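Novice: sequence first, then the predicted structure, then my questions.
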Amino acid sequence: MSEHNIKTINMYNNGGAIEYIKHSEIDPETDKWDRLFKYIENSLQKDKTKRIIEFGSGKGEIAIKLQNAGYNIISSDTVDVFLDEEEKQGIKQIKKYNFLVDNFNEVFDLKADLIISWRNPHLDMDDMKKLFNVVYDALTDNGLFIINFQNAEVHPDAKILPNGTKYEYKILPDKKTKEERFYAYYSKEDIEQLRRDLFDIEEYHNEGGKEAQNWHVLTLKKNRIPQ
């Protein structure tokens with residue numbers, strides 16, 4: 001796990017998670033979560049027998065929507081404040097899990113039909129490669145992976161780490177937690193490198209921001225043997 005992700009987890013543990021929860025109560029971004037819910041339903045063709053796991057579920061916005069609609073969803077996060085909030089929200093299946101450190105099989109003891117990793121912009125290229133390999137091993141044959149990345153094209157002045165990650169550290173002006181936060185940005189070429197030997201692209205689009213370009217959004221399908 002990179003030093004950048006460690007800093008992010010520490011930020012959430014030291015007040016950032018509480019701040020996120022309070023901010024979401026003021027601005028619940030209902031349209032965004034409704035849009036994601038419909039996107040997931042379309043990807044699954046509304047098949048409620050599928051087993052879903054979310055990595056980095058935060059306060060559980062999408063998990064509770066899927067659960068209430070009858071889907072079999074397990075939410076997971078590594079921050080205790082988020083896990084406690086998920087329990088308060090009424091999410092039934094919750095796991096404490098860090099996909100960069102913990103053994104998936106020991107925590108879940110199943111194969112998932114769909115794994116979701118949504119709005120986790122703090123992973124550098126090395127961490128992202130680990131995520132992709134964990135997800136590949138955790139999915140059933142032909143299982144799906146829904147993920148989004150911040151778009152590098154929207155951040156042309158980003159710095160570059162030795163491992164090729166385009167990034168910046170910044171303080172969000174609307175947040176009380178005045179710690180610099182690490183944000184990684186990915187190009188289409190970066191995504192192709194990550195998914196190439198593991199997944200095929202089922203669906204791709206951009207969304208977010210005034211130009212609807214801030215995020216790459218993908219549904220990936222596991223159907224290849226890793227090289």
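Specialist: That came through fine. Residues are numbered from 1 along each chain as shown.

Novice: what's the nearest residue to Ala158 if we skip its chain neighbours?
Specialist: Closest residue in space to Ala158, ignoring its immediate chain neighbours: Lys166 at 4.2 Å, by C-beta to C-beta, 6 or more residues apart in numbering. Heads up, the C-betas are built off the backbone N, CA and C, glycines and all.

Novice: that neighbour bridge partners, please.
Specialist: On the basis of DSSP bridges, Lys166 is bridged to Ile160, Tyr185.

Novice: ok, now which ones touch it?
Specialist: Residues near Lys166 by C-beta atoms under 8 Å, 6 or more residues apart in numbering: 152, 155, 158-160, 184-187, 190.

Novice: out of those, who's the most crowded?
Specialist: Ala184 (26 neighbours; other C-beta atoms under 10 Å).

Novice: state the pLDDT value of that residue.
Specialist: pLDDT for Ala184: 97.

Novice: what do you get for Tyr12?
Specialist: Taking Tyr12 on its own, its pLDDT is 89.

Novice: equivalent analysis for Thr8, please.
Specialist: With respect to pLDDT, Thr8 has a value of 88.

Novice: now do the SS call for it.
Specialist: Put simply, Thr8 is helix when judged by DSSP: H, G, I helix; E, B strand; the rest coil.

Novice: so what's the residue count around it?
Specialist: Neighbours of Thr8 (other C-beta under 10 Å): 21.

Novice: how about Asp124?
Specialist: 20.

Novice: let me see the contact set for it.
Specialist: 2, 4-5, 161, 163, 165, 167, 182, 184.

Novice: top of these by neighbour count?
Specialist: Counting neighbours by other C-beta under 10 Å, the top entry in those is Ala184, with 26 neighbours.

Novice: I figured that one hits Tyr167, correct?
Specialist: Yes. Between Ala184 and Tyr167 there is a contact under C-beta atoms under 8 Å: 5.0 Å.

Novice: hmm, back to that, now do the residue nearest to Ala158 against Pro121, distance only.
Specialist: Lys166 sits 12 Å away from Pro121, taking C-beta to C-beta, to the nearest Å as the criterion.

Novice: so what sits against both of those two?
Specialist: Overlap of the contact sets of Lys166 and Pro121 (by C-beta under 8 Å, 6+ apart) consists of Ala184.

Novice: turn the contacts of Lys166 into TSV, columns for distance to Val107.
Specialist: What follows is those, written out as TSV (distance: C-beta to C-beta, whole Å):
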residue	distance to Val107
Ala152	32
His155	34
Ala158	33
Lys159	34
Ile160	34
Ala184	25
Tyr185	30
Tyr186	27
Ser187	32
Asp190	28
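
Novice: nearest to Ser24, of the residues you listed?
Specialist: Of all the contacts of Lys166, Ala184 has the smallest distance to Ser24: 22.4 Å, by C-beta to C-beta.
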